[in-house]
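K.L.:
Sequence first, then the predicted structure, then my questions.
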There are 2 protein chains.
Amino acid sequence: MTTLLVYDIEVDKTRLKMSEACLDYGLQRVQYSAFLGRLNHNRRQELFMRLRRILGEERGSVRMFVLCDKDMALHKEVDNEMWR
Amino acid sequence: MTTLLVYDIEVDKTRLKMSEACLDYGLQRVQYSAFLGRLNHNRRQELFMRLRRILGEERGSVRMFVLCDKDMALHKEVDNEMWR
């Protein structure tokens, strides 16, 4: 299933560690703080635990969504060359 | 169905207009640039068109995801008081 990961992190260093973890797990960066990719159940749980550990007690929010193929088919985007 | 809207916008004023549009449509702000809520098909299309119009030719990215209840049940979050 497709995994979407979005975060909002106060501390730059923590944000960098989060992005590295997401890329390590093979997710693709689609926005500065949004990552998308296919992960199986175990890898998804692992990544979430890792991100939770990285955040620790710091201020911030991490949200992980799972999207079935039917939902992904309804996904819409406008992308004006922010990430290319 | 639940709608998740995430954006990444370069210009502050445009970002503000986007957030106002999302709130106008009854979405709840869950992160600085992420909004969540229930919208029917028509309202979802309308909001997306509005956001696309707001962005125009500016640099930025807007992504809209639709999540069925089954997918929403798998949603996970850590939220350390960033938005309260």
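P.N.:
That came through fine.
K.L.:
isn't A:Leu55 right next to A:Thr14, touching?
P.N.:
Yes. A:Leu55 is within contact range of A:Thr14, at 6.6 Å (criterion: Cβ atoms under 8 Å). Heads up, the C-betas are built off the backbone N, CA and C, glycines and all.
K.L.:
Any regions of chain A where pLDDT drops low?
P.N.:
A:82-84 (pLDDT under 70).
K.L.:
Can you pull the residues of it lying near chain B?
P.N.:
Residues of chain A lying near chain B by Cβ under 8 Å from any Cβ of the partner chain: A:4, A:6-8, A:10, A:30-34, A:48, A:51-52, A:55, A:57-68, A:70-71, A:74-83.
K.L.:
Can you give me the buried ones in the biggest helix by length in chain A?
P.N.:
Ranked by residue count, the top helix of chain A under DSSP state H comes out as helix A:41-55. For helix A:41-55, the neighbour count (16 or more other Cβ atoms under 10 Å in any protein chain shown) marks A:44, A:47-48, A:50-51, A:54-55 as buried.
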